[in-house]
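J.: Give me a model of this one.
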Amino acid sequence: MSTVTLSIDGTDVTVPAGTGLVEAAAELGVEIPVFCYEPRIGPAVGACRMCLVEIEGVPKLQAACATGVRDGMVVSTVSDRAREAQEAVLEFLLVNHPLDCPVCDKGGECPLQDQAFRWGSGVSRFDAIKRVNDKPIPVSPLIALDRERCILCYRCTRFSEEVSGDLQLIPRQRGASTVIATFEGRPYEA
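T.: Sure, this is the predicted structure:
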């Protein structure tokens, strides 16, 4: 098995060729913030952009979850550019997300809350009225979707497509109007 050696935040690591950057960082104990990344679902899509990192010689920040390692690669997960991008992405994800963590069912066990405390600036510049959606949307007899808490990471739609193979959960509409919905707009039998 061939290996590659790269540098992440000033520390060299040798990993098998074909390893993703998030996994290589984890080998060093370096945590890269992610939301959409879930290796058990399938190939990463870089949808949330939370994992942006700086790679020497590449002019733009790259999504670590969708970037494979290369020999000699020099990566910074903590550069000013990477940190500012991570804070900005997190702030953007919270623009329409309700900030009622104490009453939320996931309060205290929420990846978004954890990352907001760890990588967020702690202050939001947005004070506009948040988007309101119908609550909850029945996805199946056993599952309901709260669109106000959805950050459009696409993990559920990818699971529907790549694991269960039923294509029942889909993104509907575009841009700021995007929501997750069932294919025919009604609950399906799970």
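
J.: tell me the pLDDT at the spatially closest residue to Met1 that is not a sequence neighbour?
T.: Among residues not flanking Met1 along the chain, Pro16 sits closest, at 5.5 Å (Cβ to Cβ, 6 or more residues apart in numbering). (Each C-beta comes from the backbone N, C-alpha and C, glycine too.) Reading off the confidence values, Pro16 has pLDDT 97.

J.: now Gly122
T.: With respect to pLDDT, Gly122 has a value of 64.

J.: repeat for Ala190
T.: We have a pLDDT of 58 for Ala190.

J.: and stretch 146-155, what's its mean pLDDT?
T.: 88.

J.: and what of stretch 106-115?
T.: Looking at stretch 106-115 alone, the average pLDDT works out to 82.

J.: first to last residue in it, what's the distance?
T.: As for stretch 106-115, its first-to-last residue distance stands at 14 Å under the measure Cα to Cα, to the nearest Å.

J.: who touches that stretch?
T.: When contacts are taken as Cβ atoms under 8 Å, 6 or more residues apart in numbering, the neighbours of stretch 106-115 outside the stretch itself are 33, 35, 50, 90, 93-94, 97, 101, 104, 149, 151.

J.: The residue nearest to Met1: how many residues sit nearby?
T.: Residues contacting Pro16 under the criterion other Cβ atoms under 10 Å number 12.

J.: ditto for Gln113
T.: Gln113 has 17 neighbours, counted by other Cβ under 10 Å.

J.: So it lies in a strand, does it not?
T.: No: the assignment for Gln113, made by DSSP: H, G, I helix; E, B strand; the rest coil, is helix rather than a strand.
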